[in-house]
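*Asks:* The sequence and its predicted three-dimensional model are supplied below.
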Amino acid sequence: MFTIFIVKYYYFIYLIILYLGSVKVTVGMSENNEFLNEILENENDIGIDISDVLDMENFDNDITDVGNTDDNKNVVEETDDSNRENIQSVIETRVNPNTFGKCCICGTVRNVGGYLDKIFENMELIGSLFDDYIIILYYDESSDNTLQKMKEYKRKNPRLIFYRNMAPMSQYRTYNLAKGRNFIIKTIRERFSDYPYFIMMDCDDVCARDMNLQLLSEYFKRNDWDSLSFNHPTGYYDVWALSKYPYVLSCHHFDNGPHMYSIFIENILKRKRKHELVTCLSAFNGFAIYRTLFFLNCVYNGKLNISYLTKKIVNENIKVCGKLKPLLLKNQDCEHRRFHICAVQKNNARIRISPLCLFK
């Protein structure tokens, strides 16, 4: 009897180990469980000695190349190239080559009353680049004069549309931001899908600065991006939204993660030539411009969920950053990551960073 007990005991332990080994780390939404394969980029663009991290001979055997841009590969699983071609053909029929057309200038606002005068000034400057523009803001209840500021500005500029959220807010900041941004995307999808561009910007101190409008205009003339964000004069601060191989997971998954991610992207930006863009999976840094049709079928998600990433991506991230740790920001992830990676997955969107600063 004792022998049978021992055998059953160890068999039970064995089953537990098998079960734990098969469990994926998933928190929040799990509707998209398609794995995203790695973005494999030029060795000189990694910022570390990639030979210390990857077996280069075997690495290429694990991925499917669905489109090269310059010296980088956008590599995603089950991406239909024809979808990108269809979107591009629609864009070409809609856009007048002699103008930038129309643009939606968007943001979420809460307790930013002190910055809105400069924000609205910048929005008008951006709008001057286009034949027409609309401003779409999503407002969460504030304790300052944000709402009053928007009402006053709407009387001056009827192009402003703002929505007031009357529902209770989540305790998690990224859930609220995702909800607001998704409402904006829904509005664009239903009312302004013929606008070839939209801009998502933070309506706080990050964007309440003088801006280089000529630089922005030059980038709208280029066709080597579908989402473009910028460096910032205060440094590249938004490393939480950043996913660039092999630094793909949230920086908050690792001890000293924000510092490591910051050094990683700052070194890359310093090495880039003036108008050479950085390829990535996700980036925001407070301000980004988008080609509308590549993002209308995507959603923001502020809930923590890494099940859509391959084990190989996770393991390579661990190799350069150390072991995973419980998140400081429990149950949250930056809402931009899922939005951008969704566009890469579905539409082979080109997510890029300019090494130049839009704001002064």
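*Replies:* Looks like it came in fine. Numbers count the residues shown, from 1 in each chain.
*Asks:* Tally up the residues packed near residue 141, please.
*Replies:* By other C-beta atoms under 10 Å, the residues close to residue 141 number 14. All C-beta atoms are positioned from the backbone trio N, CA, C, and that covers glycine.
*Asks:* Residue 282: what's it in contact with?
*Replies:* When contacts are counted by C-beta atoms under 8 Å, 6 or more residues apart in numbering, residue 282 touches 241-244, 334, 336-337, 339-341, 351.
*Asks:* scratch that, residue 129 is what I was asking about
*Replies:* 100, 103, 213, 216-217, 220.
*Asks:* Closest one of these to residue 317?
*Replies:* residue 216 (32.6 Å; C-beta to C-beta).
*Asks:* burial count for the closest one?
*Replies:* Neighbour number of residue 216 under other C-beta under 10 Å is 19.
*Asks:* State the phi and psi torsions of it.
*Replies:* Residue 216 adopts backbone torsions of phi -60, psi -40, taken as degrees, to the nearest 10.
*Asks:* tell me the contacts of the residue nearest to it when sequence neighbours are not counted?
*Replies:* Distances taken as C-beta to C-beta, 6 or more residues apart in numbering put residue 358 closest to residue 216, at 6.1 Å, once the chain neighbours are dropped. Contacts of residue 358 were listed using C-beta under 8 Å, 6+ apart, and they are 211-212, 215-216, 230, 232, 287.
*Asks:* and the contacts of residue 282 as CSV, adding distance to residue 179, pLDDT and secondary structure?
*Replies:* CSV is the format used below for these (distance: C-beta to C-beta, whole Å; pLDDT from 0 to 100; DSSP: H, G, I helix; E, B strand; the rest coil):
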residue, distance to residue 179, pLDDT, secondary structure
241, 17, 95, coil
242, 22, 96, coil
243, 21, 95, strand
244, 26, 95, strand
334, 14, 94, coil
336, 14, 96, helix
337, 16, 95, helix
339, 13, 95, helix
340, 18, 96, helix
341, 19, 93, helix
351, 22, 96, strand
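*Asks:* which of the residues you listed lies closest to residue 315?
*Replies:* Of the contacts of residue 282, the one sitting nearest to residue 315 (C-beta to C-beta) turns out to be residue 243, at 15.5 Å.
*Asks:* I'd say the closest one and residue 265 touch.
*Replies:* No: counting by C-beta atoms under 8 Å, residue 243 does not reach residue 265; the two are 10.6 Å apart.
*Asks:* With neighbour numbers in mind, choose between those two.
*Replies:* Set residue 243 next to residue 265 and count neighbours by other C-beta under 10 Å: residue 243 wins out with 29 against 25.
*Asks:* Name all residues that make contact with that one.
*Replies:* 249, 280-283, 337, 340-341.
*Asks:* Among those residues, which one lies nearest to residue 224?
*Replies:* residue 280 (13.6 Å).
*Asks:* Quick check, that closest one in contact with residue 351.
*Replies:* Yes: taking contacts as C-beta under 8 Å, residue 280 lies within contact range of residue 351: 5.4 Å.
*Asks:* For those two, work out which one has more neighbours and name it.
*Replies:* With neighbours defined as other C-beta under 10 Å, residue 280 and residue 351 compare such that residue 351 has more, 30 against 26.
*Asks:* Contacts only, for that one.
*Replies:* Residue 351 neighbours (C-beta under 8 Å, 6+ apart): 225-227, 279-283, 340, 343-344.
*Asks:* Please name the bridge partners of it.
*Replies:* With DSSP bridges as the criterion, residue 351 is bridged to residue 227, residue 280.
*Asks:* lowest-confidence helix or strand of this structure?
*Replies:* helix 56-59 (a mean of 24; mean pLDDT, DSSP states H and E).
*Asks:* and stretch 192-201, which residues are buried?
*Replies:* 192, 195-201 (16 or more other C-beta atoms under 10 Å).
*Asks:* And the furthest pair within those?
*Replies:* 196 and 201 (17.5 Å).
*Asks:* where are the low-confidence patches of the chain?
*Replies:* For the chain, residues meeting the criterion pLDDT under 70 lie at 1-99, 327-329.
*Asks:* again, only using 50
*Replies:* 2-4, 7-11, 13-80, 93-95 (pLDDT under 50).
*Asks:* What segments of it are strands?
*Replies:* Ranges of strands in the chain, per DSSP state E, are 68-69, 72-73, 102-109, 132-139, 160-164, 197-201, 227-231, 278-280, 287-291, 351-357.
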